[in-house]
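A.B. asks: Return a 3D structure for these sequence lines:
(one chain, ligands or ions: 1)
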Amino acid sequence: MSAPLHPPFVPLDFERLAPAEMLRRARELRAELARRRSVRHFAPDPLPEGLLEECLLTAGSAPSGAHRQPWTFVVVRDPELKRRIREAAEEEERKLYEERISDEWRAALAPLGTDANKPFLEIAPALIVVFRRAHELENGEKRANYYTQESVGLACGFLLAALHHAGLATLTHTPSPMGFLSELLERPENERPFLLIPVGYPAAGCEVPNLERKSLAEISLWR
Ligand code: IYR
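C.D. replies: The predicted structure follows:
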């Protein structure tokens, strides 16, 4: 007997729903996620016990290349560490806004009202710093990971949806460049900073830009 080509499979956990129920659920999720907005003004209130753990496990259920799960989520709640992250991010962002940014990019950001000041990095009760594991290091040997950008992007999408569903506000923040996060969080060479997600409750009276989303006709083609 030759060995099986793959490990034993298990039955899929899947339930067919009635079409009306499918439509109802799709609409319900659309309405819920339509209310998700990038928030830049947070309240300092602490988060319920165990909530981030649940949301991180949802993020970790995303599909990934060869199921390598090439992500590490660093949850930062320590005020001193948040302060150092804010300081380093603002230093990079000042250079971005004063020197590196193109006129075209500046114009694109104008409707968002952003600048180099990032007080939310200290005020938000938690920062989730997402790292992409470009490869694994096993006993000093490099082991390849696959489609890591796509995989970690998908996990971040799951994470943002989970946090919103749980009743929290988030921001997808990409201070540029992000190398300082590797140093401050002491991550190894194989882990690359991917996204910084401040998490918390919106500040009282929080406002967001008046943005519109593209219509179905603008985002889809049907053939
Ligand atoms: N990283 C900068 C600039 C910035 C870039 C994009 I693209 C945005 O959508 C928003 C901001 C900042 O965080 O201010």
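A.B. asks: can we go C-alpha only for contacts and neighbour counts from here?
C.D. replies: OK.
A.B. asks: Once you drop chain neighbours, what's closest to the closest residue to the ligand within the chain?
C.D. replies: The ligand sits closest to Pro175 of the chain, with a gap of 4.3 Å, by C-alpha to the nearest ligand atom. In space, Pro175 comes closest to Ala89 once its chain neighbours are excluded; the distance is 5.8 Å by C-alpha to C-alpha, 6 or more residues apart in numbering.
A.B. asks: Using the three-state scheme, assign the residue positioned nearest the centre of the chain.
C.D. replies: Nearest residue to the geometric centre of the chain (C-alpha atoms, centre = their mean): Cys156, 3.6 Å. Put simply, Cys156 is helix when judged by DSSP: H, G, I helix; E, B strand; the rest coil.
A.B. asks: which residues in the chain form strands?
C.D. replies: Using DSSP state E, the strands of the chain run over residues 71-76, 126-133, 135-138, 141-144, 169-170, 191-200.
A.B. asks: Once you drop chain neighbours, what's closest to Thr174?
C.D. replies: Counting by C-alpha to C-alpha, 6+ apart, the residue nearest Thr174 is Leu195, at 5.7 Å.
A.B. asks: how much space between that neighbour and Glu104?
C.D. replies: 23 Å (C-alpha to C-alpha, to the nearest Å).
A.B. asks: When the two are compared, which one has more neighbours?
C.D. replies: Neighbour count, other C-alpha atoms under 10 Å: between Leu195 and Glu104, Leu195 has more, with 22 against 8.
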